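Novice: Just a sequence and a predicted model for now, questions to come.
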Amino acid sequence: MLNSELNYNNQSPKSISTFFSSSSSSNDAIPNTTVEHLSVTPTITNQHPQQRQMKIGKYYLEKTIGKGNFAVVKLATHCETNQKVAIKIIDKCRLDGNEQKKLEREIAVMKSLSHPYVIRLYEVMESKSLIYLVTEYAANGEVLDLLIRENRLSECKAREKFKQLLIAVDYIHSMNIVHRDLKAENLLLDSNDNIKVAGLPYNAQKVDVWSLGVLLYVFVCGHLPFESNNIIELRKRVLSGQFRLPFYISSECSSLIVSMLNVDPEKRYSIQDIIRHQWMLPCLSDPDFYAVL
């Protein structure tokens, strides 16, 4: 269903579906403060066969930049403003009841968030069998790609990325939302290499702190703290908090990682504990970081 609808334009427009609740009225440009929910029909521009483009609403679809079980993600350009966006195209016919509820929750969460370090949802579009989520485009890809290129980050660079991540997670928690899936693949980078948190489908907060500890370890070490070819051994290491800290990591950084990866949630650091840790002191000159103290 996904491919057939993208390749043909023989569908007639329909009213906005009740699959999701509507948001605001239509505008020509990408909205700044509201998330639209529009009914659309895929069309193909009448150009030379080698130059034809698929158009969804006011966006020209370009290359595929991601794939999943129920969706593909396309790079797209707004036909009037030339702004680059990412459009997640979801096949409604392949969603069962649980997946539908999960998608509804994801959209509701994304609609509620507006922060410079969190991927922005611009609008939701819908055709007969597809849902289109138009989001901010992170031009520099995943943090994971950065780690692959550089092997590991210097503590200075890791601190800058971790600071932005902390600010984002503190904001998300302030909205009574818990991410629960913080990992390098869900951390994107914009054209200025600023962190953009993606993948926000879920709704108690120290599970995110543990994930932050794993991410900081990955930033400065270039690999995961818990690794094993045996799943039983891996589980044992995670549950017991068994990991090694390389010699080249500073004592301050090591101390912070250990405090975040404490297996006892009651003893594990909070976001505020992390922010006030000695390793984070160089970030106090940043007004955005100082504001979360």
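Specialist: Everything's here; your move. Numbering: from 1, shown residues only.

Novice: all contacts plus neighbour counts: C-alpha atoms, from now on.
Specialist: Fine.

Novice: end-to-end on stretch 61-81?
Specialist: Stretch 61-81 has an end-to-end distance of 14 Å (CA to CA, to the nearest Å).

Novice: can you start the count at 7 instead of 1 from here on
Specialist: Sure, I'll start numbering at 7, so the last one becomes stretch 67-87.

Novice: gap between it and the chain center?
Specialist: The chain centre lies 15 Å from the centre of stretch 67-87; the measure is CA atoms, centre = their mean, to the nearest Å.

Novice: which of the residues in the helix or strand containing R241 are buried?
Specialist: For R241, the element it lies in under DSSP states H and E is helix 237-246. Within helix 237-246, the residues that qualify as buried by neighbour count (16 or more other CA atoms under 10 Å) are R243.

Novice: How about stretch 72-84?
Specialist: Using 16+ other CA under 10 Å as the test for burial, stretch 72-84 gives 77-84.

Novice: now the helices for this protein?
Specialist: 8-13, 103-118, 149-156, 161-180, 212-227, 237-246, 257-266, 277-281, 293-296 (DSSP state H).

Novice: Which one of these lies nearest to K73?
Specialist: helix 8-13 (12.0 Å; CA to CA).

Novice: what ranges of the stretch 7-156 of the chain fall below the confidence cut-off?
Specialist: For the stretch 7-156 of the chain, the stretches flagged by pLDDT under 70 are 7-58.

Novice: Apart from its neighbours in sequence, what residue is nearest I173?
Specialist: Spatial nearest neighbour of I173, excluding adjacent residues (CA to CA, 6 or more residues apart in numbering): F295 at 6.4 Å.

Novice: ranking the helices of the chain by burial, who's on top?
Specialist: Burial of those is given as mean neighbour count (mean count of other CA atoms under 10 Å); helix 212-227 ranks first at a mean of 22.

Novice: For that helix, give the mean pLDDT please.
Specialist: Average pLDDT, helix 212-227: 89.

Novice: Can you name the residues that contact the residue nearest to I173?
Specialist: Listed by CA atoms under 8 Å, 6 or more residues apart in numbering, the contact partners of F295 are 169-170, 173, 289.

Novice: which two of these lie the greatest distance from each other?
Specialist: I173 and C289 (11.1 Å).

Novice: what mean pLDDT does stretch 183-192 have?
Specialist: In this model, stretch 183-192 has a mean pLDDT of 80.
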